[in-house]
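1. okay, predicted coordinates and the sequence, questions at the end:
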Amino acid sequence: MIRALIFDVDGTLAETEEGHRRAFNAAFAEAGLDWAWDVELYRELYRVSGGKERMRRYADMRGVSANELSDADMAELHVRKNAHYAELVRAGQCPLRPGVERLIRASHAGLLRLAISTTTSRVNVVALIEATLRPDGLALFEAVVSGEDVPAKKPSPDAYLRVLEALALRPDECLAFEDSRNGLLAATAAGLATIVTPSLYTCHETFDGAAMVLPDLSDFEPTVDGFASQQVPA
Ligand code: XBP
Ligand code: MG
């Protein structure tokens, strides 16, 4: 019996990565760095989960050492980047994907429990949910596990295991929603059946092991013992 739905954030609730990419670039320019991430480069960097980790990978690619750009510098850049991201989100630049609000509200009204498992930072989760799921937003979710809450980011299952622990449910009592291969690997490693809706930065990935791959959640229905959708799988 399905008792809870667990959602990834970036790419799954909303197409956020263009917002993150633009916010990174704004923070780089503000800091006087000659770094500019275009779509092609960001697609490559996106394989690294986590904004700080992604910046460190790029610094390595450019041969910029940790002496030149310390972890504290990275953390400061990331705070600025997240501030730019919050501004974009508040300006309506990252609306929810089709079917997401309907599914969340119908499930909540139908007494399914809801949770979030993400590798993004908590401030970004809060900014997105407050801007898009008004007025109750975060109160709809019983557990929110974000990047800083776990030792390892996706594809590690840590964020999903932490959610299951918080909900005190078994994996077969929950469904996970993801948009990326790293997210799918994390959810399946935690034992969860996973619905994948590929997004802008993940549509070229492969999703072996997904319970279902759909273009979006516009007609997705959780049922007592599973789920249904009339859409042609992606
Ligand atoms: C996606 C990510 C994040 C975002 C940027 O996380 O990998 O790193 O790209 O956010 P998910 P931060 O799909 O699990 O939500 O800069 O806060 O890391
Ligand atoms: Mg995602």
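-> Noted; the coordinates are in hand. Ligands and ions are numbered 1, 2, ... in the order given.

2. C-alpha only now, for contacts and for neighbours.
-> Will do.

3. what residues are up against residue 88?
-> 19, 23, 94 (Cα atoms under 8 Å, 6 or more residues apart in numbering).

4. nearest to residue 103 among these?
-> Nearest to residue 103, judged by Cα to Cα, of these is residue 94 at 17.9 Å.

5. show me what contacts the closest one?
-> By Cα under 8 Å, 6+ apart, residue 94 lies in contact with 14-16, 19, 88, 128.

6. looking at those residues, state which has the most neighbours.
-> Tallying neighbours with other Cα atoms under 10 Å puts residue 128 at the head of the contacts of residue 94, with 27 neighbours.

7. in what helix or strand does the nearest residue to it once chain neighbours are set aside lie?
-> Counting by Cα to Cα, 6 or more residues apart in numbering, the nearest residue to residue 128 once its immediate chain neighbours are dropped is residue 89, at 6.1 Å. Using DSSP states H and E, the element containing residue 89 is helix 71-90.

8. report the buried residues of that helix.
-> Buried residues in helix 71-90, counted by 16 or more other Cα atoms under 10 Å: 74, 77-86, 88-90.

9. so what touches the helix or strand bottoming out on mean pLDDT in the chain?
-> The weakest-scoring helix or strand in the chain, judged by mean pLDDT, DSSP states H and E, is strand 226-228 (a mean of 77). For strand 226-228, the surrounding residues in contact (Cα under 8 Å, 6+ apart) are 1-2, 220-222.

10. tell me which parts of the protein are close to ligand 1?
-> Contact residues (Cα under 6 Å from any ligand atom) of the chain with ligand 1: 8-11, 17, 20, 49-51, 118-121.

11. right, and out of the residues you listed, which lies closest to residue 162?
-> Within the residues of the chain next to ligand 1, the smallest distance to residue 162 is 10.9 Å, found for residue 118 (Cα to Cα).

12. neighbours around the closest one, how many?
-> 26.

13. got it, and residue 93?
-> 16.

14. dump the residue contacts of it.
-> With contact set as Cα under 8 Å, 6+ apart, residue 93 has these partners: residue 19.

15. check the one 3 residues further on too.
-> With Cα under 8 Å, 6+ apart as the criterion, the residues that contact residue 96 are 13-15, 132.

16. circling back to that earlier point, now the buried residues of helix 71-90 as JSON lines including distance to ligand 2 and pLDDT?
-> Shown next, in JSON lines, are the buried residues of helix 71-90 (distance: Cα to the ion, whole Å; pLDDT from 0 to 100):
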{"residue": "74", "distance to ligand 2": "22", "pLDDT": "95"}
{"residue": "77", "distance to ligand 2": "22", "pLDDT": "97"}
{"residue": "78", "distance to ligand 2": "18", "pLDDT": "97"}
{"residue": "79", "distance to ligand 2": "20", "pLDDT": "97"}
{"residue": "80", "distance to ligand 2": "21", "pLDDT": "98"}
{"residue": "81", "distance to ligand 2": "18", "pLDDT": "98"}
{"residue": "82", "distance to ligand 2": "17", "pLDDT": "98"}
{"residue": "83", "distance to ligand 2": "20", "pLDDT": "98"}
{"residue": "84", "distance to ligand 2": "19", "pLDDT": "98"}
{"residue": "85", "distance to ligand 2": "16", "pLDDT": "98"}
{"residue": "86", "distance to ligand 2": "17", "pLDDT": "98"}
{"residue": "88", "distance to ligand 2": "18", "pLDDT": "98"}
{"residue": "89", "distance to ligand 2": "16", "pLDDT": "98"}
{"residue": "90", "distance to ligand 2": "20", "pLDDT": "97"}
